[in-house]
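K.L.:
Return a 3D structure for these sequence lines:
(2 chains)
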Amino acid sequence: MSPPSPLLHPGSATGGRSASAVPLPTVAPAVTRSASSTGTPLSASSSTDPAPAIETEGLTKFYGDVRGIEDLTLRVPRGELFGLLGPNGAGKTTLIRLLLGLLEPTDGGARVLGTDVADRDAFVGTRERVGYLPSDTALYDELTGRRVLDYFAALTGDDRREELLALFPVPLDRPVRTYSRGNKQKLAVVQAFMHSPALVVMDEPTSGLDPLVQQTLAGFLQRERDRGVTIVFSTHVLSEVRGLCDRVAIVRAGRLVAVEDVDTLLAQSGKVVEVRTRGAVDPVDFAFEGVIDASVTDEGTLRLVLSGNYDALIDALDGYGIEELDVRETAVEDVFMHFYEDAPGDEGETGGADGTGTGGSGDGIGSDGATGTSTVDRLLDGLRRLLGRDGRGRVPDTEPDPDPDPDPDTGAEDGGAEDDDV
Amino acid sequence: MFEVAAFELRRRRRGVVVVSVLVAATVGLLLGTYPSLEAADVDWDEILESFPEELRTAFVGNVDDLSTVEGYMVSQFYQLIWLAMIGAYVAYSAASAIAGEVEGRSIDVVLTRPLTRTRFVVEKFLALTVGVVVLDVATWLAVLLGVGLLGESIDTTDLALMHVVGGLYLLVCAAIGLLASVVVDRPRRAQGIGLGVVFGGYLLDTLTLDTDFEWVGAFAPSRYIDPGDLLTRGEIDPVGVAVLVVGVCLLVIVAAELFERRDVPG
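P.N.:
Numbers count the residues shown, from 1 in each chain, chains lettered A, B, ... in the order given. Reported below is the predicted structural model:
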């Protein structure tokens, strides 16, 4: 008997090293370390809830010494449009290929549609319900599109071929080598969906598509999601994340940095204010409550991320000659750039109140204060700051916090002295 | 059921036809020159003697009499061309079967469908087998036709024997190429390995035969087939045939097992 798997509510982070953050359903002990078929063929699907589309636990893949992904724990419930976001080389493709059984993990495990990927015999059958669109697909150049689709149809069926070809037309009777990049990609989309899979995994699906086709695809993916198909795709196009995904996992350097509900992430992010002043601007003047982040760009523009408190902003701007002032919604770019930039390195311990700034862009960076904190910790810290999760107005400046902070500052450096990247 | 095999055959069919035609044409050419050589009253024995001992097997094969059609065909065709060149070509051609799809990335959308890797490998081999059979039969027919047109006669039983064992030999070459294709990601490298094992093996085999270093050439498939015995004497070596049969099975099984376990990198 298997209890139903608790579905995650959006916004709960299950990422990184806190593998215990979300209790896995007790029905899934078969996600074990070794790749041998432990053969506990527990059907994870109970009578009431189907198993999550994807479940990984501590999934790790090293190529020799090179980390592909490490300790990645993730759950994607059914019927979600789930994005994997990260820079090139982050491990998105590695994760995808592990989920599909193309690679064998070094450690950890995964279940897809309730089946342990390592259980080869069981997983073969499961693949009937999976569609895959790899990045840079090449599909038998010398044959026509029709023949290629016939091949896949013979293997897995093609109930939806005509419907998909109507949406994504390709010159079926010409050899694939004559296809444009977009047409090849469309053909790949058709083969991924034409057998009505329950889960479709796509690696950078919109690359090579012109904007119109991208739109068609986006609409199609959303309709599929509404029908209950789970769609997981990797991308580094941030606007796709915003427009398409229900939730997004951010992957960097092989580790899961965060899993967030996109709307929540953006709603909590406030506004971006960019000010160009006559004369130099001193970020110290902008250390008031509501400021999530403050930095000065190379060109001398002050960039604030602000969750309200415009009165204080106006006051602070008084006394400066303003050449340009721009207030806009936080874009996805602003939020996620935190995960792409190398932090200047002096955020110290997480949750500390020393108020060192994040996201120093281009200004002279102070000494590296992050002794021993990993990139992941710094990035998580950046996320927390950005979302204002610690509940206080952050004071991202060099002066000592007037309010003595109850948290002991465990960082080696004092928050004020050497931070000059604000 | 055999979708992978059928698809692979479709992709290879032009190549199979072209090679079969070329080989048949070669047979035609060789047979075509036979009468004039016969008429020229060449002293075949002297030619045979003129080959250094070591190279005789390599280039001429195990024949005593080059003047018969059988002896002629063994020395001109079945020994060097069939064993070394066609064998090497078959291995070369087989070597792209899987490595080509890995490099070409087309394998991704096939292996993520509900078929096992073992089935994939075996079906690929089935397609290669059909190609070998077509080539074998086409050549056999070309010889029969050519000999008929010349008004000569050839021992049809011995010829059939030659083509059965010769076909088996080519299957071993295909299996070697297939194994290389599974082990190595880049088709070019796999092709090189296939070529090297068959052709290089052929040289090592023939050069070390009847020497103290005979064991060096024992890995070569050519060691286990003797066109001279088959076609000129109608003698079949059961041990040799057994080795070839076991060799094919073993190579394909190993290829399937290896492929089950390896990563398919993107």
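K.L.:
Enumerate the residues of chain B near chain A.
P.N.:
Within chain B, the positions adjacent to chain A are B:3-4, B:6-7, B:10-11, B:104-106, B:108-116, B:260-261, B:263-266 by C-beta under 8 Å from any C-beta of the partner chain. Where C-beta positions appear, they are placed from N, C-alpha and C, glycine not excepted.
K.L.:
Give me the buried entries from those.
P.N.:
With neighbours counted by 16 or more other C-beta atoms under 10 Å in any protein chain shown, the residues of chain B next to chain A contain buried members at B:3-4, B:6-7, B:10-11, B:104-106, B:108-116, B:264, B:266.
K.L.:
Looking at the residues you listed, which are in helices?
P.N.:
Per DSSP state H, helices hold the following members of these: B:Glu3, B:Val4, B:Ala6, B:Phe7, B:Arg10, B:Arg11, B:Gly104, B:Asp108, B:Val109, B:Val110, B:Leu111.
K.L.:
As a markdown table, those with distance to B:Cys249 would be great.
P.N.:
A markdown table is the format used below for these (distance: C-beta to C-beta, whole Å):
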| residue | distance to B:Cys249 |
| --- | --- |
| B:Glu3 | 23 |
| B:Val4 | 19 |
| B:Ala6 | 23 |
| B:Phe7 | 24 |
| B:Arg10 | 26 |
| B:Arg11 | 25 |
| B:Gly104 | 28 |
| B:Asp108 | 29 |
| B:Val109 | 30 |
| B:Val110 | 24 |
| B:Leu111 | 24 |
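K.L.:
Please identify the buried residues of stretch B:34-41?
P.N.:
B:Tyr34, B:Glu38.
K.L.:
now do stretch A:201-219
P.N.:
A:201-206, A:208-209, A:213-214, A:216-218.
K.L.:
Same check on stretch B:60-80?
P.N.:
By 16+ other C-beta under 10 Å, the buried positions in stretch B:60-80 come out as B:60-63, B:66-80.
K.L.:
now stretch A:170-182
P.N.:
A:Val170, A:Val176, A:Tyr179, A:Gly182.
K.L.:
Same check on stretch A:222-232?
P.N.:
A:Glu224, A:Arg225, A:Val229, A:Thr230, A:Ile231, A:Val232.
K.L.:
Residue ranges in the stretch 151-300 of chain A under the pLDDT threshold?
P.N.:
Across the stretch 151-300 of chain A, the ranges flagged by pLDDT under 70 are A:265-269.
K.L.:
Tell me which residue in it sits closest to chain B.
P.N.:
At 4.2 Å from chain B, A:Ala154 is the closest residue in the stretch 151-300 of chain A, using C-beta to the nearest C-beta.
K.L.:
and that residue, what element?
P.N.:
helix A:145-156 (DSSP states H and E).
K.L.:
Which residues outside that helix are in contact with it?
P.N.:
The contact list for helix A:145-156 (C-beta atoms under 8 Å, 6 or more residues apart in numbering or on different chains) reads A:128, A:139-140, A:158, A:161, A:170-174, A:176, A:179, A:183, A:187, A:190-191, A:194-195, B:3-4, B:6-7, B:10, B:109-110, B:113-115.
K.L.:
Show the subsequent helix or strand relative to it.
P.N.:
helix A:161-167.
K.L.:
Can you list phi and psi of residue 74 for me?
P.N.:
By default, I'm working from chain A. phi -150, psi 150 (degrees, to the nearest 10).
K.L.:
next one: A:Ser135
P.N.:
Torsion angles, degrees, to the nearest 10, at A:Ser135: phi -80, psi 150.
K.L.:
hang on, it packs against A:Thr93?
P.N.:
Yes: between A:Ser135 and A:Thr93 there is a contact under C-beta atoms under 8 Å: 6.4 Å.
K.L.:
Between the two, tell me which one has more neighbours.
P.N.:
Ranked by neighbour count (other C-beta atoms under 10 Å in any protein chain shown), A:Ser135 and A:Thr93 place A:Thr93 first, with 24 against 19.
K.L.:
Give me the pLDDT for that one.
P.N.:
Looking at A:Thr93, its pLDDT is 92.
K.L.:
so which helix or strand takes in it?
P.N.:
helix A:92-99.
K.L.:
Export only the CA atoms of the very next helix or strand once past that helix, formatted as PDB.
P.N.:
Next helix or strand after helix A:92-99 toward the C-terminus (DSSP H and E): strand A:107-112. Backbone C-alpha positions of strand A:107-112 (Å, rounded to 0.1, in the frame of the first residue of the first chain) are rendered in PDB as follows:
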ATOM      1  CA  ASP A 107      25.500   8.600  -7.100                       C
ATOM      2  CA  GLY A 108      21.900   9.200  -6.200                       C
ATOM      3  CA  GLY A 109      18.900   8.200  -8.200                       C
ATOM      4  CA  ALA A 110      15.900   9.400 -10.100                       C
ATOM      5  CA  ARG A 111      12.300   8.200 -10.700                       C
ATOM      6  CA  VAL A 112      10.500   9.200 -13.900                       C
END
